[in-house]
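Trainee: sequence unknown, structure follows:
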Ligand SMILES: O=C(O)c1cc(=O)[nH]c(=O)n1[C@@H]1O[C@H](COP(=O)(O)O)[C@@H](O)[C@H]1O
């Protein structure tokens, strides 16, 4: 069975990214390239990693007006990532435009409430709802807009899956027992997140900062 784990390769260093991708190839379901990698290496760097033959989750979390987001997605051609992200808080029209602009084979998912935020953080930006209620609200909006799924924490995925049976649920903030939480606030173990209904687990530092990333990934996969 294909692994649900995508390894988040958060580095600006192309050689290091290539080395990690090569080390986890065959074991991981794919790799995630985000803002840190993209800001340094751009579209051509993404193409280089894609040439290694793993599915790519290109996580640029677009959050802008519909026209700008659509044009940014079009500018990424000929990259055809397996998955890409926009912020669901960008609104329904923006999500519709993003989906319409993306390649047919790319899943577009809406980031709901970042896993680095808790209820207090939401309050400080004027969102009265707790993370659970806010994820539910944005998941419904993403579904109405025709997206393929959402990004949320493991704490919310069971409820989200109940309301959106065939949705694609991307779950970061994954921490194996004993792992440091770092800047994440809403975390869950890989096994618990899968049991709750995750489609994809995004795991970065617990793998990439390990002395032997492939071995760390193997250990995590064994818990699923
Ligand atoms: O969209 C994401 O992937 C994402 C959304 C979110 O709410 N929280 C979150 O941590 N992420 C990403 O998931 C990865 C988590 O990395 P680690 O905390 O090192 O496992 C990072 O690349 C984040 O950019």
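Mentor: Great, that's in hand. Values in this document were obtained by computation on a predicted structure and should not be read as measured data.
Trainee: what sits against residue 99?
Mentor: By CB atoms under 8 Å, 6 or more residues apart in numbering, the residues touching residue 99 are 108, 145-148. No exception for glycine: its C-beta is placed from N, CA and C like everyone else's.
Trainee: distance check, it against the ligand.
Mentor: 17 Å (CB to the nearest ligand atom, to the nearest Å).
Trainee: in the helix or strand where that residue lies, what's buried?
Mentor: Element membership for residue 99, per DSSP states H and E: helix 92-101. The neighbour-count check on helix 92-101 (16 or more other CB atoms under 10 Å) flags 94-99, 101 as buried.
Trainee: got JSON lines for those residues, with distance to residue 127 and pLDDT too?
Mentor: As requested, these are exported to JSON lines (distance: CB to CB, whole Å; pLDDT from 0 to 100):
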{"residue": "94", "distance to residue 127": "18", "pLDDT": "98"}
{"residue": "95", "distance to residue 127": "18", "pLDDT": "98"}
{"residue": "96", "distance to residue 127": "23", "pLDDT": "98"}
{"residue": "97", "distance to residue 127": "24", "pLDDT": "98"}
{"residue": "98", "distance to residue 127": "22", "pLDDT": "98"}
{"residue": "99", "distance to residue 127": "24", "pLDDT": "98"}
{"residue": "101", "distance to residue 127": "28", "pLDDT": "98"}
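Trainee: partners of the helix or strand encompassing residue 201 in the sheet?
Mentor: Assessed by DSSP H and E, residue 201 sits inside strand 200-203. Sheet pairing of strand 200-203 (DSSP bridges) gives strand 5-8 (parallel), strand 168-171 (parallel).
Trainee: buried residues in the last one?
Mentor: Going by neighbour count (16+ other CB under 10 Å), the buried part of strand 168-171 is 168-171.
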